[in-house]
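Student: Coordinates for the following, if possible.
(chains A and B)
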There are 2 protein chains.
Amino acid sequence: MSVQTLVEISPEALVERLALAGRAAQRVLAQMSAEEKAAALRAAARSLREAESDILVANARDLAAGEANGLTKAMLDRLMLDPARLAGIAAAVEQVAALPDPVGQVIDRSERPNGLLLSRVRVPVGLIGIIYESRPNVTADAAALCFRSGNAVLLRGGSEAVHSNRAIHAALVRGLDAAGAPVDAIQLVPSQDRAVVGAMLAAAGLIDMIVPRGGKSLVARVQADARVPVLAHLDGICHTYIHAAADPAMARTIALNAKMRRTGICGAMETLLLDARFPASAEVVAALLDAGCELRGDARACSLDKRILPAGANDWDTEYLDAILSVAVVDGLEAALDHIDRHSSHHTDAIVTADAVAAERFLNEVDSAIVMVNASTQFADGGEFGLGAEIGIATGRLHARGPVALEGLTTYKWQVRGTGQVRP
Amino acid sequence: MSVQTLVEISPEALVERLALAGRAAQRVLAQMSAEEKAAALRAAARSLREAESDILVANARDLAAGEANGLTKAMLDRLMLDPARLAGIAAAVEQVAALPDPVGQVIDRSERPNGLLLSRVRVPVGLIGIIYESRPNVTADAAALCFRSGNAVLLRGGSEAVHSNRAIHAALVRGLDAAGAPVDAIQLVPSQDRAVVGAMLAAAGLIDMIVPRGGKSLVARVQADARVPVLAHLDGICHTYIHAAADPAMARTIALNAKMRRTGICGAMETLLLDARFPASAEVVAALLDAGCELRGDARACSLDKRILPAGANDWDTEYLDAILSVAVVDGLEAALDHIDRHSSHHTDAIVTADAVAAERFLNEVDSAIVMVNASTQFADGGEFGLGAEIGIATGRLHARGPVALEGLTTYKWQVRGTGQVRP
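Tutor: Next comes the predicted model:
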């Protein structure tokens, strides 16, 4: 489809046209074997390497425009590609190609008394829409995960990365084509009109699932407006509760890592809950302060160290994504569970304790996608969970929860094998 | 909450109040053991039996009002309770109590190289909204399924069954109370204001899932307006394809059963596809006509029997729910797959064939919730699938597909057990 044609049609008509092409390609893709899909992805990775200079030239255009438009240094860094990063993108596509294909897996089977044989078999979700911002690697990462799991994908990247995304997409499609795979399985929306995003969000029945990848305002808009099911998390307000029976050294090490290893990821701890009976709270907060973290505490927390600032009411519901942490002192497990129930975004919450009963109660009673005992919340990640990759982390309750990779991009169907049975 | 208080508040405030009470009850319910929940449901069933006269008196009021309001005979029959039907409702609650509790089941577990132990554990979805019409048995059936799987439920029944629903609900709650279970786990919306349905559909974050139970206009409204995830099917446009290699006697028996056993259920066949090379098509259509079924055919089908009427373009997309069937002659498996792809509602589609290759292609390539070989589409039912019960059949692609019972009312969380691990 040429851009010339497309600019003449409405956003809704454009999305419909792309979706129908994607759905047709998906029907072919759904019947490809695991090895055929893997071979196509390996060809796409080769094609990315071969297109290195094209992609870097395109990226340089985006970077120049970004500088002219006053993008921040952090945004420019997210946008920037170099040979090493591009090699990493191609290698990631190959890693996805090597993951086990979930399609065709039998979830369970049974035989009914009348002899009917039932099995539930994994099948692709269908057409996935990815709406993302400035990271051009998402173009290849998300496309590879969708393709591996038999889904067609409709990619809608940010304007700031438009040339990079087009070059990466063109390379991927050349690889698919060389491997004999349907090229419309991976489509990039050929328009930066923001109304196209609205049309994608409204395209129930044409797009089966939307995954937003980006900042909070993007995710919030998608969640608020979508008529298509959305797989996403808005906030990662993650808690670590240091129980009375926590090992002091472990508590200090985990708290430091959960907050300070990388402050900008969704699994970073944002609130520390210190049990009033935990004897080493002053040491834990001192270690965080000494590491350069700003602490905002309730009255009892502030009494632990003069450097702690008083927290405001909003602090308990704030995802800082920075070297800032809210700290509260709580009276026992019940109070910690209450605080988490009120303030958690239900992404990842952890307890540090040597008390097995308290640990199991926390694991059972905290209603979050990921609950942890004696580990850093920064482990909340598909790669760390052994999924091989990650399309995102979901804090919704249906379909898939927590880190989502290939399995979350599938659904199932019931296959029933009879020998002429009729219902009495 | 008294009705007097409630009529003074807005539909949104009413739904919020009910939802918060339900969510609080659900947190208690989520920690009850399988046996505690089963005991509470058995108490609820006993309470239904003890309330027989109250419930039948209430039902008589609804029937009298229904007659005065000119309800059809079929609607009055759906509404009507008698001692046998009520005993059946109580027995169904006991059957649900006896089903295995899905909560706490470990879906999978793994150990990471760093020693972290991961498990995915089933947990309740949360608060389920049920929006239904005239069948008062749904009040008990849906409540029991939600309760067994640890979910609170907010029931919104039809005006025509309001007294029956209140009496059944009151009995259920007396049973829960006697067993020490949280009574707000099963709530009936104490208002027949239609705006309350709108408020439930909009209550994202308060209600976790909506299940509409009723006619097409109800389901269509729910699907069109809901901001909360919906588990439902709109249409059951089910196909049976008689392949060239079908056994003629089996084809006749299955076609008759799929259409005529009960014409009003969602799994009833609505379109028969006859392969042009199947030698006994005339016998199959004659059997259907002789059984009193009206057939509407394409040109080739009409040539099989003079009694077949010509089909209009809409017939291929019509769910008759009656003794009417559309019939087309198709040229081989590909043509049948094409027809189904264009016209199926992706509920249940079947092939009759003795050719194993054709059977497997049909099972793999037809993208419907249920695909069958050599069986009647009327088997599309949770009970027939061995699920013990059914909250509904879903034709959406995410979360759950086909017949949905207890497992579809659960989600999962990730439990991570560490010994002090931090992320490098």
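Student: Just give the nearest non-adjacent residue to A:Ala255, would you?
Tutor: A:Val284 (5.3 Å; C-beta to C-beta, 6 or more residues apart in numbering or on different chains). (Each C-beta comes from the backbone N, C-alpha and C, glycine too.)
Student: How about the contacts made by that neighbour?
Tutor: Counting by C-beta atoms under 8 Å, 6 or more residues apart in numbering or on different chains, A:Val284 touches A:Ile242, A:Pro248, A:Ala251, A:Arg252, A:Ala255, A:Leu272, A:Leu274.
Student: hmm, try it at 7 Å
Tutor: For A:Val284, the contact set (C-beta atoms under 7 Å, 6 or more residues apart in numbering or on different chains) comprises A:Ile242, A:Ala251, A:Arg252, A:Ala255, A:Leu274.
Student: A:Leu218 now?
Tutor: Shown in contact with A:Leu218 (C-beta under 7 Å, 6+ apart): A:Ile131, A:Glu133, A:Pro212.
Student: Please determine how far it is located from A:Asp381.
Tutor: For A:Leu218, the distance to A:Asp381 equals 20 Å [C-beta to C-beta, to the nearest Å].
Student: and what of A:Cys302?
Tutor: Looking at A:Cys302 against A:Asp381, where the rule is C-beta to C-beta, the gap reads 33 Å.
Student: Quick check: what element follows the helix or strand hosting A:Ala25 along the chain?
Tutor: If you go by DSSP states H and E, A:Ala25 is part of helix A:11-29. Later in the chain than helix A:11-29, the nearest helix or strand by DSSP H and E is helix A:34-50.
Student: So which bits of that next one are buried?
Tutor: Buried positions in helix A:34-50, judged by neighbour count with 16 or more other C-beta atoms under 10 Å in any protein chain shown: A:34, A:37-49.
Student: which residues sit against that helix?
Tutor: Contacts for helix A:34-50 (C-beta under 7 Å, 6+ apart): A:86, A:89-90, A:93-94, A:96-97, A:101, A:140, A:144, A:147-148, A:168, A:171-172, A:174-176, A:178-179, A:181.
Student: got the contact list for A:Thr240?
Tutor: A:Thr240 makes contacts with A:Ile254, A:Ala255, A:Ala258, A:Met269, A:Leu272, A:Ala350, A:Val352, A:Thr377, as judged by C-beta under 7 Å, 6+ apart.
Student: contact partners of stretch A:374-383?
Tutor: Residues outside stretch A:374-383 that contact it (C-beta under 7 Å, 6+ apart) are A:238, A:240, A:250, A:254, A:257-258, A:261-262, A:265, A:267-269, A:347-348, A:350, A:352, A:370, A:389-390, A:393, A:403, A:405, B:116, B:416, B:418-423.
Student: A:Ile210 contacts A:Arg221, doesn't it?
Tutor: No. Taking C-beta atoms under 7 Å as the definition, A:Ile210 is not a contact partner of A:Arg221, at 11.1 Å.
Student: what about A:Gln223, neighbour count?
Tutor: 18 (other C-beta atoms under 10 Å in any protein chain shown).
Student: give me the low-pLDDT residue ranges for the stretch 251-400 of chain A?
Tutor: For the stretch 251-400 of chain A, applying pLDDT under 70 flags no range at all.
Student: Please enumerate the helices of it.
Tutor: In the stretch 251-400 of chain A, the segments counted as helices under DSSP state H, counting those that start in this stretch are A:281-290, A:299-302, A:332-343, A:356-365.
Student: Just say which of those helices is most tucked in.
Tutor: Mean neighbour count (mean count of other C-beta atoms under 10 Å in any protein chain shown) peaks for helix A:281-290 among these, with a mean of 19.
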